[in-house]
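*Asks:* The sequence isn't on hand, but the structure is:
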C-alpha cells in the first residue's frame, strides 16, 4: 500500500493543510516546515493505530503552489 499525503496552501485560512484519506489525517500549520514535522510524527502513529501492516511508501504531494 502506498500512502499519499496531499498538502496545499489554504489562502482563506492562511495555513498549510495536509490531508490523507487512507489514514484519516487532517493537519494544519502556518509554516510548511512545521507541517512536514507534524506529518513525520502523525503518519507513523496513524499507521500503527489503524493496524496497517502493508505500507510500502509514504509520499507527500504538494499542490496548488503559485509563485509570484
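*Replies:* Structure received. Remember, predicted model here, so these are calculated numbers, not experimental data.

*Asks:* quick one: contacts of the host helix or strand of residue 8?
*Replies:* Residue 8 is part of strand 2-10, with elements assigned from DSSP states H and E. Strand 2-10 is contacted from outside by 15-20, 22-23, 25, 28, 32, 35, 39, 43, 47, 55-65, using CB atoms under 8 Å, 6 or more residues apart in numbering. In this view, the C-beta of every residue, glycine as well, is placed from N, C-alpha and C.

*Asks:* Isn't residue 1 up against residue 22?
*Replies:* Yes. The pair residue 1 and residue 22 qualifies as a contact (CB atoms under 8 Å) at a distance of 7.4 Å.

*Asks:* Between the two, tell me which one has more neighbours.
*Replies:* Shown here are residue 1 and residue 22; by other CB atoms under 10 Å, residue 22 has more neighbours (17 against 11).

*Asks:* What distance do you get for that one to residue 13?
*Replies:* According to CB to CB, to the nearest Å, residue 22 and residue 13 sit 24 Å apart.

*Asks:* same thing with residue 36?
*Replies:* 18 Å.

*Asks:* List the buried residues of the helix or strand containing residue 38.
*Replies:* In this assignment (DSSP H and E), residue 38 forms part of helix 32-49. Neighbour-count burial for helix 32-49 flags 35, 36, 38, 39, 42, 43, 46, 47 (criterion: 16 or more other CB atoms under 10 Å).

*Asks:* Format those as TSV; extra columns: distance to residue 8 and pLDDT.
*Replies:* Shown next, in TSV, are those (distance: CB to CB, whole Å; pLDDT from 0 to 100):
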residue	distance to residue 8	pLDDT
35	10	97
36	13	96
38	15	98
39	13	97
42	17	97
43	17	96
46	19	95
47	22	95
